[in-house]
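Engineer: everything below, folded, please.
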Amino acid sequence: MRTSVLAALAVLSIASLSACSEKTQDSVENAGASIGNDISQSVDRAGDKIDNGLDEAGRTIDEGTDKIGAATSDAAADAERKADAAKRDVGASLEEAGKDLKNE
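Structural biologist: Numbers count the residues shown, from 1 in each chain. Sure, this is the predicted structure:
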């Protein structure tokens, strides 16, 4: 906002300098152009920083999603291995119980 006020003051100054020398008018015009360029460059840099920040956030989210996907796959595989082991243990226990009943 401060730069906008300065730019507006520069424009008003140019309009009120019609009675001033051409050299003074050129100096004010150059100052106004310089202010405009500075504002434009500041806005461009701010836009670039925002864009870079959003890109970094996107990469971080993607990496987190990949890690969650890998952890989920690992957990599912581990659960499947444990379920298979439990089935084998139950089967072995039932076989053993059957043998015990047969021998009694």
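
Engineer: where do the helices sit along the chain?
Structural biologist: In the chain, the helices defined using DSSP state H lie at 2-16, 22-103.

Engineer: which of the ones you listed is buried the deepest?
Structural biologist: helix 2-16 (a mean of 12; mean count of other C-beta atoms under 10 Å). C-betas here are computed from N, CA, C, even on glycine.

Engineer: average pLDDT for that one, rounded please.
Structural biologist: The pLDDT scores in helix 2-16 average 64.

Engineer: cool, stretch 58-76 as well?
Structural biologist: 92.

Engineer: one more: stretch 29-46?
Structural biologist: 87.

Engineer: and what of stretch 92-104?
Structural biologist: 82.

Engineer: dump that stretch to PDB, restricted to CA.
Structural biologist: What follows is stretch 92-104 as a C-alpha-only set of coordinates in PDB (Å, rounded to 0.1, in the frame of the first residue of the first chain):
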ATOM      1  CA  ALA A  92      -1.400 -77.800  13.900                       C
ATOM      2  CA  SER A  93      -3.200 -77.500  17.200                       C
ATOM      3  CA  LEU A  94      -6.300 -79.200  15.800                       C
ATOM      4  CA  GLU A  95      -4.200 -82.100  14.300                       C
ATOM      5  CA  GLU A  96      -2.500 -82.500  17.700                       C
ATOM      6  CA  ALA A  97      -5.900 -82.500  19.500                       C
ATOM      7  CA  GLY A  98      -7.200 -85.100  17.000                       C
ATOM      8  CA  LYS A  99      -4.200 -87.300  17.600                       C
ATOM      9  CA  ASP A 100      -4.600 -87.000  21.300                       C
ATOM     10  CA  LEU A 101      -8.300 -88.000  21.100                       C
ATOM     11  CA  LYS A 102      -7.400 -90.900  18.800                       C
ATOM     12  CA  ASN A 103      -4.800 -92.200  21.300                       C
ATOM     13  CA  GLU A 104      -7.100 -92.000  24.300                       C
END
